[in-house]
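K.L.:
structural data only, the sequence is not supplied:
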């Protein structure tokens, strides 16, 4: 745990990546629940 409140660009990038991945995963799960898995295949392979 750092004492200073400065966030390095690397840490910020890692945080944003984790957050984006979490958001994307939940978004995809929502799509699967609503539309069924066949739409997910279309989404990935169109």
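P.N.:
Arrived safely, thanks for sending. No experiment lies behind these values; they were computed from the predicted model shown.

K.L.:
so which residues of the chain form helices?
P.N.:
Applying DSSP state H to the chain gives helices spanning 9-35, 37-45.

K.L.:
and the first one, what's buried?
P.N.:
Applying a neighbour-count criterion of 16 or more other CB atoms under 10 Å, helix 9-35 contains no buried positions. Where you see a C-beta, it was placed from the backbone N, CA and C, and this is true even at glycine.

K.L.:
show me what that helix is packed up against.
P.N.:
Contacts defined by 3 or more CB pairs under 8 Å, 6 or more residues apart in numbering; DSSP states H and E place helix 9-35 against helix 37-45.

K.L.:
that older thread, same list, the helices of the chain, but as a markdown table with mean pLDDT please.
P.N.:
Below are the helices of the chain laid out as a markdown table (pLDDT from 0 to 100):
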| stretch | mean pLDDT |
| --- | --- |
| helix 9-35 | 86 |
| helix 37-45 | 59 |
